[in-house]
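Undergrad: here you go, sequence then predicted model.
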Amino acid sequence: MATIELSNLSKTYAGGVQAVRGATFTIKDGEFVVLVGPSGCGKSTLLRMIAGLEDITDGTLTIDGRRMNDVASRDRDIAFVFQNYALYPHLSVRQNLAFGLERRRAYPSLLTSLLSRDYRENRNEESARILAKVDRAAETLGLVPYLDRKPRELSGGQRQRVAVGRAIVREPKVFLFDEPLSNLDAKLRVEMRAELRELHRRLKTTIVYVTHDQEEAMGLGDRIVVLKDGLIQQLGTPDEVYAKPANTFVASFVGMPSINLIPGRLHRGDLVERFVADAITIDLPPSMSAKAPPGPITLGVRPDRLRLGAAATTSPWRGDAQVGAVERLGDRTDVILRLGPHRLVARCDPRCAPVEGGTCAVGIDPADVHLFSDADDGDRLSKSD
Ligand code: ADP
């Protein structure tokens, strides 16, 4: 168990690339924190700095109050699971799990006994203790039936579990995961996600996890850290980040399909604030945009908040949209709409799906909108409470 504190942590690579800029946050003891962002945003660099695999250019990293900047990776009491977890192909699952301890160099007798033909006869007290740990990890991960198999005799998901198991047997203070599920197919990724959360619930070890997949981040993290160009854009629970995105970058990155962002203007009258974008005119709740000066502004509305067909009739604002592509996804339907110059994506109940090429009523409720400044990655202007 461990608390990790990052204070103004920065990394500039030899070529001058500023991969991480001034990262400051605290990962609480036992927390599952996910670093997420598009490729190149600096998430692996940040994780590798925590791991001690990358020098820290500036700032301070502490684990349980102890400064780690100059502490070697092997002395940080962490275990790392990479995307390309290499299992030893000629060793059994049991041996692979035990080799998670290899770096400690403290168990030569264990390794000797494991490599001997009949490891159970040839073990001493210490190796018995280690093998008990291996058995426990195997049980935790459902690997008991496979302990004597070689990696090639396992499915992708089982191999991934062995890689996680190798980290578990070391009983580290912190687990670091770098895109560990990327090589698995979509269905298995979702299953493994649930397994990892379950595992975390049982072990209660601090976890820092890197992924570019926003859904994986939302599904796994107690809190998520959204990064872009080496800068933290937002840190919060999945619900907070989804409901109150800090800027248009976060709003677009989190949630699928992406939020609709509509450029328009804010008008402020004596009694009412109004958003106008061509045919779209939305009277906003009182003082919703108190921070925003009248003028250009971006309005965001999530696809599942657009009301279509009959559902639009009670909306404070509604208009008629042209229906483009309709994607039927079984439990839901995604619809591309054109409303004047605006392209909108709506996610609706399959029963109300409109017809491609036709028209459809679309409604927006002011309670469902987010307001952002019109700048690139414009900041959130809606009141946040
Ligand atoms: P992510 O994990 O989000 O894809 P990285 O942390 O790997 O991003 O990389 C962040 C930035 O740092 C990128 O611009 C990348 O090209 C650069 N970078 C990563 N590793 C190195 C390196 N060893 N030397 C120079 N630049 C690097």
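TA: Noted; the coordinates are in hand. Since the model is a prediction, treat every value here as computed from it, not as a measurement.

Undergrad: spell out which residues of this protein are next to the ligand.
TA: Taking CB under 6 Å from any ligand atom as the measure of proximity, the chain contacts the ligand at Tyr13, Gly15, Val17, Ala19, Gly37, Ser39, Gly40, Cys41, Gly42, Lys43, Ser44, Thr45. C-beta: built from backbone N, CA, C; applies to glycine.

Undergrad: please repeat the previous calculation with a cut-off of 5 Å.
TA: Residues of the chain lying near the ligand by CB under 5 Å from any ligand atom: Tyr13, Val17, Ala19, Ser39, Gly40, Cys41, Gly42, Lys43, Ser44, Thr45.

Undergrad: got TSV for those, with secondary structure, neighbour count and pLDDT too?
TA: As requested, the residues of the chain next to the ligand are arranged in TSV below (DSSP: H, G, I helix; E, B strand; the rest coil; neighbours: other CB atoms under 10 Å; pLDDT from 0 to 100):
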residue	secondary structure	neighbour count	pLDDT
Tyr13	coil	12	97
Val17	coil	12	96
Ala19	strand	21	98
Ser39	coil	7	96
Gly40	coil	15	97
Cys41	coil	23	98
Gly42	coil	24	98
Lys43	helix	28	98
Ser44	helix	22	97
Thr45	helix	24	98
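
Undergrad: OK, contacts around Leu203?
TA: Leu203 sits next to Thr140, Ile168 when contact means CB atoms under 8 Å, 6 or more residues apart in numbering.

Undergrad: could you shift the numbering so residue one becomes 13, and keep it that way?
TA: All right, first residue 13 from here; so that's Leu215.

Undergrad: could you pull out the helices in the stretch 13-162 of the chain for me?
TA: Taking DSSP state H, counting those that start in this stretch as the criterion, the stretch 13-162 of the chain carries its helices at 55-63, 105-110, 120-127, 137-152.

Undergrad: ok, and for the longest one, which residues are buried?
TA: Same thing as helix 137-152. Ser139, Ile142, Leu143, Lys145, Val146, Asp147, Ala149, Ala150, Thr152 (16 or more other CB atoms under 10 Å).

Undergrad: per-residue pLDDT, the third one?
TA: At Leu143, the model reports a pLDDT of 80.

Undergrad: for Val238, grab the count of nearby residues.
TA: Using other CB atoms under 10 Å, Val238 has 27 other residues around it.

Undergrad: with Val105 instead?
TA: Residues near Val105, counting by other CB under 10 Å, number 28.

Undergrad: now Asn96
TA: So Asn96, with other CB under 10 Å, has 10 neighbours.

Undergrad: who's in contact with it?
TA: Asn195.

Undergrad: cutoff 6 Å now
TA: Residues near Asn96 by CB atoms under 6 Å, 6 or more residues apart in numbering: none.

Undergrad: identify the farthest-apart pair in the buried residues of helix 137-152.
TA: Ser139 and Thr152 (20.1 Å; CB to CB).

Undergrad: so where's the stretch 163-312 of the chain uncertain?
TA: Counting by pLDDT under 70, the stretch 163-312 of the chain has low-confidence residues at 299, 301-302.

Undergrad: where do the strands sit along it?
TA: 186-190, 218-223, 235-240, 243-248, 272-280, 285-289, 292-296, 307-313 (DSSP state E, counting those that start in this stretch).
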